[in-house]
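Student: Would you be able to build a 3D model of this:
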Amino acid sequence: MKIAGMASNRGRNLMHIADRAPGGAAVAVVLANEEGAPVLEAAAERGIPTEVVVREEDESREAHERRVLDRLEGYDFDIVCLDGYMRVLTESFIDAAPTILNVHPSLLPAFPGMDAHEQVLEAGVSVTGCTVHVVNETVDGGPIVTQEPIPVFADDDEAALKERVLYEGEFKAYPRAVRWFAEDKVTVTDDGVEVEGDEAGPFPARRVLAEDFETGLRYGENPHQDAALYADTACTEANVVSADQLNEGAKSLSYNNYNDADGALNLIKEFDEPAAAVIKHTNPAGCATADSLAEAYEAALSTDPMSAFGGIVALNRECDAATAELITDSFKEVVVAPGYTDAALEVLTEKKNLRVLDVGRGDGRTGESARSELGEIGEQYTEKPIVGGRLIQERDLWAPELDDLEIVTEREPSEEELETMLFSWRVLKHVKSNGILFAKGTETVGVGMGQVSRVDAVRLAAMKAEEHAEGKDAEGAVMASDAFFPFPDGIEEAAKAGISAVIQPGGSVNDEDVIEAADEHGMAMAFTGNRSFRHD
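Tutor: Numbers count the residues shown, from 1 in each chain. Next up, the predicted model:
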């Protein structure tokens, strides 16, 4: 799609569109109605042809516009984009030209005409923005294509507001509208504008984010990084952002505390049975389920008590005194639970800087069935900001049931091994990839996380089980892998550690060789058909 741009001054939106080429659109010509308009030099620097058609002192609007159309006639273009073109176009020009778009610095129909930012500040509104609309014979009254909201802050003046609306609003909305036209997604009718695909859903054509400043943080991941916490007050799922910190006087949570506590809480939401997890740098140092919370915590801690030092503890039941006593036996940063008995709080608050978070039970309204006392899963999607945008995906809420497992080896797994396979997968989902997890019963034995080689991840899990686990080892354990084994070498390393059964996604071109290696060592192996990568 080719664009004819018309501007009177700097034309920053036009130049932004030229640089971005949304939907493959290209600016074919830039026409100014003022000699020396800065947009002319900016366009020339980009190799874009320019034209200047100044209205003479006694020239009528219609006569001037006929000269503009005559000058543009020599160019091939499909759409006209105005950018600060300080003339109201006549109906005859609008009829003669193809679709004309303009961007206005307010959320029309509010604050049309000149001095929109001044009008916004005088009105005292808390939100303004910009509007891309189709130009018709009315002033700023044409059919709206898209809008972008921008907050108005108490200390804003016109200059600050103008800059934010331009860079955070217009630079998003105008290219979006151009891209929609370039992709032939827009239909302009007498009733307005229809945009194909601009509808509600998990991945809409555009997104508006609004979260509230909750608190400043001492620093980010490292002391030289500033950081803050913003809250989604619409979240109904049990979460650490809205959790009550029960031990007043203890230092506030850090960026890393929030991140790790969120990871720990998400892990223990996997289980109906009493469960405990210890998290370090968003990776499980240990996790277990048991008949009681105290037993689950003991089993989780014994996986790797050395790495658990200074970690985050998460529980999926109300914390009792017995569990609290075990937690305070060694240094922990934070404990997260859906409630605490008075006796447990007496124990926990004796530790000056152990932050005690009560996340409540949540009141999530959708998602999987409720797990333990933490309520239902309410948030269905996760997102990760990256430079220039955001990645959004469904949360990995899937875990295999018995019927999902495909047994591929000569030896069938025992009932206990099958139970451990299902447990280990739910924990493995929360281990950074490449991830390997060793487990016995419903407790972890060794965790190999974040390796660039799957064989190295197996070796790390084996080393952890051999050197760091207390009162347990990898002999006869189940190994879970978050992705397939590309070669049999991972199975060979597992055999050296004493692994008796394996759960993995399958799907490698070398599956037959991997299965053969398992058979040679008498291992049972199940395929899940799904992997569980976690790269954050």
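Student: Show me the strands in the stretch 251-400 of the chain, by range?
Tutor: For the stretch 251-400 of the chain, applying DSSP state E, counting those that start in this stretch gives strands covering 275-280, 283-289, 311-315, 332-337, 355-358, 381-386, 389-394.
Student: Partner strands of the third one, with direction?
Tutor: What it means is strand 311-315. Here strand 311-315 is paired, per DSSP bridges, with strand 275-280 (antiparallel), strand 332-337 (parallel).
Student: Can you convert the strands of the stretch 251-400 of the chain into a markdown table and add a column each for distance to Glu417, mean pLDDT and mean neighbour count?
Tutor: Using the backbone N, CA and C atoms, a C-beta is placed for each residue, glycine as well. Shown next, in a markdown table, are the strands of the stretch 251-400 of the chain (distance: least, CB to CB, whole Å; pLDDT from 0 to 100; neighbours: other CB atoms under 10 Å):
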| stretch | distance to Glu417 | mean pLDDT | mean neighbour count |
| --- | --- | --- | --- |
| strand 275-280 | 20 | 97 | 29 |
| strand 283-289 | 16 | 97 | 28 |
| strand 311-315 | 26 | 97 | 30 |
| strand 332-337 | 31 | 97 | 26 |
| strand 355-358 | 36 | 96 | 23 |
| strand 381-386 | 31 | 90 | 10 |
| strand 389-394 | 30 | 92 | 10 |
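Student: Which among those strands is found nearest to Val514?
Tutor: Val514 sits nearest to strand 283-289 of all the strands of the stretch 251-400 of the chain, at 25.2 Å, using CB to CB.
Student: now the angle from the closest one to strand 275-280?
Tutor: Angle of strand 283-289 versus strand 275-280, following axes from the mean of the first three to the mean of the last three CA atoms, to 10 degrees, is 170 degrees.
Student: where in the stretch 251-400 of the chain is pLDDT low?
Tutor: 362-372 (pLDDT under 70).
Student: related to what we said a few turns ago, with distance to Ala517 added, can I get the strands paired with strand 311-315 in JSON lines?
Tutor: Listed next are the strands paired with strand 311-315 as JSON lines, based on distance: least, CB to CB, whole Å:
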{"stretch": "strand 275-280", "distance to Ala517": "32"}
{"stretch": "strand 332-337", "distance to Ala517": "40"}
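Student: Out of those strands, which gets nearest to Gly448?
Tutor: strand 275-280 (14.0 Å).
Student: what distance separates the closest one from the centre of its chain?
Tutor: Relative to the chain's own centre, strand 275-280 is displaced by 23 Å; criterion: CA atoms, centre = their mean, to the nearest Å.
Student: Pull the residues that contact that strand.
Tutor: 260-261, 263-264, 267-268, 284-289, 293, 296-297, 299-301, 303-304, 307-308, 310-317, 323, 332, 372, 427 (CB atoms under 8 Å, 6 or more residues apart in numbering).
Student: where do the strands sit along the stretch 1-150 of the chain?
Tutor: Counting by DSSP E, counting those that start in this stretch, the strands of the stretch 1-150 of the chain are 2-7, 26-32, 50-52, 79-83, 100-104, 127-134, 144-151.
Student: As TSV, these with mean pLDDT would be great.
Tutor: Output for these, formatted as TSV (pLDDT from 0 to 100):
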stretch	mean pLDDT
strand 2-7	98
strand 26-32	98
strand 50-52	97
strand 79-83	98
strand 100-104	97
strand 127-134	97
strand 144-151	96
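Student: ok, back up a step: of the strands paired with strand 311-315, which approaches Glu379 most closely?
Tutor: strand 332-337 (16.6 Å).
Student: Residues contacting that closest one, please?
Tutor: 240, 243, 253, 257, 260-261, 264-265, 278, 308, 310-319, 327, 348, 351, 353-359.
Student: can you give me how far it is from the chain middle?
Tutor: With CA atoms, centre = their mean, you get 25 Å for strand 332-337.
Student: can you check stretch 137-152 too?
Tutor: 29 Å.
Student: Many thanks, we can stop here.
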